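Peer 1: Could you look at this predicted model? Sequence included:
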Amino acid sequence: MIRIGLIMLLSGVLAACSPQYNWREIPVGQGAAKAFFPDKPATQERTLKFSGHDIAFSMTSATVDGALFTVAYAPLPQAMRADAASRKEFAAAVVGSLYRNLGQEPPATLSVEGELFTVTGKSPDGDVVLRARVWLTDTSLVEGIVTAEQTRFPGPQADEFLRGVELAR
């Protein structure tokens with residue numbers, strides 16, 4: 001009986017010591033980037049229509065304590081790769097949607113150079129914070145995004161995740 005009690009006590013102590021964030025490096029977007037995810041991620045894909053182009057869009061995400069950590073990847077169609085204005089227009093539309101989805105007006109200048117930005121807004125579930133970095137290259141768009149309820153936003157972990165997103169060179 002003492003032995004069972006000791007095993008249960010030890011199991012409880014070990015469970016309490018388990019890290020909530022279990023960081024792991026994962027390649028994303030067919031190797032276009034890599035990121036350190038705080039838990040095992042899953043990938044979803046869909047096709048977006050933009051200016052007559054079908055653009056494959058994948059989102060690799062992990063959730064920890066209600067916070068969603070995501071790297072999104074969209075390889076650009078050949079016609080857009082040859083058209084700098086079209087690439088910039090697509091990037092502006094994608095970044096602008098991050099603001100509009102939270103009920104905010106996008107700023108006049110949108111960051112697609114990998115700079116960190118934060119949007120605070122509303123979702124159907126309440127007040128939300130989104131922190132992101134977006135990169136536009138000649139061949140793709142890559143986004144690192146963390147979103148969570150405002151009262152539960154994991155600031156240090158979000159910054160760590162977003163610093164860890166790296167484009168393949």
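Peer 2: Structure's in. What do you need? In this text, all values refer to a predicted model and were calculated from it rather than measured experimentally.
Peer 1: just for the chain, where's the confidence low?
Peer 2: 1-19 (pLDDT under 70).
Peer 1: The residue nearest to the spatial centre of the chain pairs with what?
Peer 2: With distances taken as C-alpha atoms, centre = their mean, the chain has Thr70 as the residue nearest its mean C-alpha position (2.3 Å). Judged by DSSP bridges, the bridge partners of Thr70 are Ser61, Ile145.
Peer 1: check contacts around it.
Peer 2: Met59, Thr60, Ser61, Glu143, Gly144, Ile145, Val146, Thr147 (C-beta atoms under 8 Å, 6 or more residues apart in numbering). Placement of C-beta: from N, CA and C, glycine included.
Peer 1: Strands of the protein, start to end?
Peer 2: Secondary structure of the chain (DSSP state E): strands located at 24-28, 33-37, 42-50, 53-64, 67-75, 117-123, 126-136, 140-149, 166-167.
Peer 1: of these, which approaches Tyr99 most closely?
Peer 2: Using C-beta to C-beta as the measure, strand 117-123 is the one of the strands of the chain that comes nearest Tyr99, at 5.5 Å.
Peer 1: Which residues does that closest one contact?
Peer 2: By C-beta under 8 Å, 6+ apart, strand 117-123 touches 98-99, 101-104, 111, 127-133, 150.
Peer 1: got the CA positions of that strand in PDB?
Peer 2: Written as PDB, here are the backbone C-alpha positions of strand 117-123 (Å, rounded to 0.1, in the frame of the first residue of the first chain):
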ATOM      1  CA  PHE A 117       4.100  43.600 -35.400                       C
ATOM      2  CA  THR A 118       1.200  43.200 -33.000                       C
ATOM      3  CA  VAL A 119      -2.500  43.500 -33.600                       C
ATOM      4  CA  THR A 120      -5.000  43.700 -30.700                       C
ATOM      5  CA  GLY A 121      -8.600  43.300 -31.600                       C
ATOM      6  CA  LYS A 122     -11.800  41.300 -31.200                       C
ATOM      7  CA  SER A 123     -12.900  37.800 -32.400                       C
END
